[in-house]
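Novice: prediction below, plus the sequence it came from.
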Amino acid sequence: SAVNAALSGCPSIATPTPTRSPTPLPTPPGPTPILPTPPLPGVRAGDFDRSFGVNGVVKIDIGEGASVGVVALALRSDGKIVVAGALGGSGGGANFLALVDESGRLDPGFGDGGIAVTEGLPTPEDMAVQPDDGIVVVADRFFDRGGLDRGSEVVLTRYRPDGRLDTTFGDGGVVVTNVATSTGAAAVVAQPDGGILVAGTIGEDAFFDASLVVLRYLHDGNLDPDFGAGGFATDAGLETAFGAAMALQPEGEILVAGATERLHRDVRSLLFVRFTAEGEIDSSFGRNGSRIVRGPLDSDGVADLALGLDGKITATVCTAGRGCDFTLVQLLAAGELNESFGAGGFVTVDAVDDDPSGIAAQTDGRLLAIGGGSLVRIRADGELDDTFGGGGIVDTRIRPSAVIVQQDGRAVVASGGATLQMRRIETVP
């Protein structure tokens with residue numbers, strides 16, 4: 001990932017030392033559905049929400065002299081925002097979580113003044129919040145196997161709602177998994193029953209001869225023996241496939257997106273695979289459980305994935321045009337391209353000349369996607385929404401790497417750099 005690349009020069013760091021867990025917190029009630037909140041008079045969709053931070057801008061120093069990389073945002077049941085990322089700098093590397101309240105302030109009851117820093121873990125790939133407001137973070141850890149061979153293993157960490165490591169999970173809050181010669185992680189999703197899903201890649205090494213994989217963990221960190229083949233499921237039969245993003249569909253189906261390519265050839269196509277809740281390939285999706293989308297241009301694969309309330313599946317994709325074109329691809333719930341979205345299921349935003357990354361779906365079917373310094377809103381038909389910002393595009397004045405939509409409909413984006421920076425943006429109408 002971009003964060004991995006930015007922090008690759010960080011020195012090795014020590015194995016984390018978990019702190020003593022406090023008395024278990026009660027499971028908070030689920031969130032009450034909230035209708036989108038109309039902005040104040042004179043405020044337009046695309047404006048910064050001036051009730052968040054200072055005039056819509058939040059800047060947080062995570063570590064003195066450390067560079068910040070943001071990998072994910074998620075909402076707790078109380079509406080507070082969890083930020084996950086990595087720290088790098090002359091003082092070494094570490095991972096962090098931050099908890100930000102509705103006003104943009106750090107929550108002092110979380111971690112140390114709103115920030116929880118853990119040393120000794122690899123750079124995170126993704127993060128999710130569980131129904132009890134516990135937080136799970138997934139990462140890859142690479143290791144040498146002799147010569148030029150490298151392998152990888154999954155590192156899954158669970159934190160309590162107050163930001164402390166959950167010592168009832170795995171070994172002091174950390175679980176390390178390798179179900180083959182090499183197992184890599186790219187995405188994590190929390191299930192309503194407390195289960196944890198991790199999507200990534202499994203194979204003979206970390207980069208080639210690989211298959212897409214989903215692992216399911218129980219609440220204590222053990223693999224679920226009743227899921228797939230003893231806790232994991234693969235896309236057996238596809239030729240070199242990589243899992244990059246994941247989403248949980250309403251009936252519990254597991255949708256994983258990524259890329260597939262012919263071995264030893266630099267030809268990639270988009271890949272979507274659906275598994276049942278039990279870890280079996282769902283043959284009702286696409287063609288025998290998978291959908292390969294070649295499209296009009298070669299692609300580097302799926303960057304992120306969003307599900308609409310109508311079941312439509314939208315992915316952000318970097319397509320090989322002028323280096324990297326900002327492209328969205330949309331499928332219907334059953335796995336067919338949505339021909340009514342853009343040009344046969346594809347939308348390329350020429351005004352954004354940068355890699356696309358995160359995407360989130362609004363409840364009305366409109367989509368919010370980030371790339372470069374822009375937040376873009378796309379209508380259900382694939383056209384730019386000219387009621388948002390300037391012709392459908394907002395300059396966030398940062399380079400966000402994550403986006404979410406709050407229960408009230410407002411969008412939040414976050415980026416790293418010298419500090420953690422966040423923006424909250426009006427989306428109504």
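Specialist: Cool, got the structure. Residues are numbered from 1 along each chain as shown.
Novice: and the strands in the stretch 101-250 of the chain?
Specialist: Here the stretch 101-250 of the chain has its strands, by DSSP state E, counting those that start in this stretch, at 115-118, 124-129, 135-144, 150-159, 174-177, 182-190, 196-203, 210-217, 232-234, 241-248.
Novice: what packs against the shortest one?
Specialist: With contacts taken as 3 or more C-beta pairs under 8 Å, 6 or more residues apart in numbering; DSSP states H and E, strand 232-234 sits against strand 210-217. No exception for glycine: its C-beta is placed from N, CA and C like everyone else's.
Novice: dump the strand it packs on to PDB, restricted to CA.
Specialist: Taking Å, rounded to 0.1, in the frame of the first residue of the first chain, the C-alpha atoms of strand 210-217 are listed here in PDB:
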ATOM      1  CA  ALA A 210      -1.400 -16.900  -5.500                       C
ATOM      2  CA  SER A 211      -5.200 -17.300  -4.900                       C
ATOM      3  CA  LEU A 212      -7.700 -15.000  -3.300                       C
ATOM      4  CA  VAL A 213      -8.500 -16.100   0.300                       C
ATOM      5  CA  VAL A 214     -11.000 -15.300   3.100                       C
ATOM      6  CA  LEU A 215     -10.300 -16.300   6.700                       C
ATOM      7  CA  ARG A 216     -12.900 -16.200   9.500                       C
ATOM      8  CA  TYR A 217     -11.900 -15.700  13.200                       C
END
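Novice: report all helices and strands that that strand contacts.
Specialist: Packed next to strand 210-217, using 3+ C-beta pairs under 8 Å, 6+ apart, are strand 182-190, strand 196-203, strand 232-234, strand 241-248, strand 254-261, strand 268-275.
Novice: of those strands, which approaches residue 410 most closely?
Specialist: Closest to residue 410 of the helices and strands packed on strand 210-217, according to C-beta to C-beta: strand 241-248, at 21.3 Å.
Novice: got the CA coordinates for that closest one in CSV?
Specialist: What follows is strand 241-248, C-alpha atoms only, in CSV (Å, rounded to 0.1, in the frame of the first residue of the first chain):
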residue,chain,number,x,y,z
ALA,A,241,-5.7,-14.0,-8.0
PHE,A,242,-5.3,-11.3,-5.4
GLY,A,243,-7.9,-10.1,-2.8
ALA,A,244,-7.8,-6.4,-2.1
ALA,A,245,-11.2,-5.3,-0.8
MET,A,246,-14.2,-6.9,0.9
ALA,A,247,-17.8,-6.1,1.9
LEU,A,248,-20.6,-8.0,3.7
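Novice: do I have it right that residue 406 meets residue 79?
Specialist: Yes. Using C-beta atoms under 8 Å, residue 406 makes contact with residue 79 at a distance of 6.8 Å.
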